[in-house]
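[1] Predicted structure and sequence below. I'll ask about it afterward.
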Amino acid sequence: MTFEDPNSNTELWTCINAGDEIELEADLIVEGFTKLHGGRFYRVLAKTDSQGESHFTAFVVQSEITDELLQVAPAFVCNYRVNSSMNLA
C-alpha cells in the first residue's frame, strides 16, 4: 500500500477547503511591500487549480494590510485550521 506525503503541496491543497484558515510560514512580500504577515491565520476564500486557467495551484486569501485578494502557494503554508462550523448545504 502506498501513501502520499501528507505535507506535500498536493495533499495540503486537497485537505484545505474554502472557509478553512491557513497560517503562513513568513511574510508575503511583493515588489518590496508586505502583503501578508507570517504567523497569522488567513481565511481561504477560494482555491485555484493549475489544471484550470491558473498558472499554479494556490489558496486565495484577503490581505488585512492592502485589502486585496492574493494567491498563496501551498508551500508557503506552515499550518492550517479546518472550519468545522461552516454549513455548506
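    Received it, and whenever you're ready, just let me know what you need.
[2] quick one, helices of this structure?
    For the chain, the helices defined by DSSP state H cover 9-15.
[3] ok, now how distant is the residue minimising distance to the centre of it from Gly39?
    Most central in the chain under C-alpha atoms, centre = their mean is Phe59, positioned 3.6 Å from the mean C-alpha point. Separation of Phe59 from Gly39 (C-beta to C-beta, to the nearest Å) stands at 16 Å. All C-beta spots, glycine's among them, are computed from the backbone N, C-alpha and C.
[4] swap in Tyr80?
    For Tyr80, the distance to Gly39 - C-beta to C-beta - is 13 Å.
[5] The two: which has the busier surroundings?
    A direct count of neighbours by other C-beta atoms under 10 Å for Tyr80 and Gly39 places Tyr80 higher, at 19 against 11.
[6] so the more buried one touches Glu25, yeah?
    No: the criterion here is C-beta atoms under 8 Å, and Tyr80 misses it with Glu25 at 11.8 Å.
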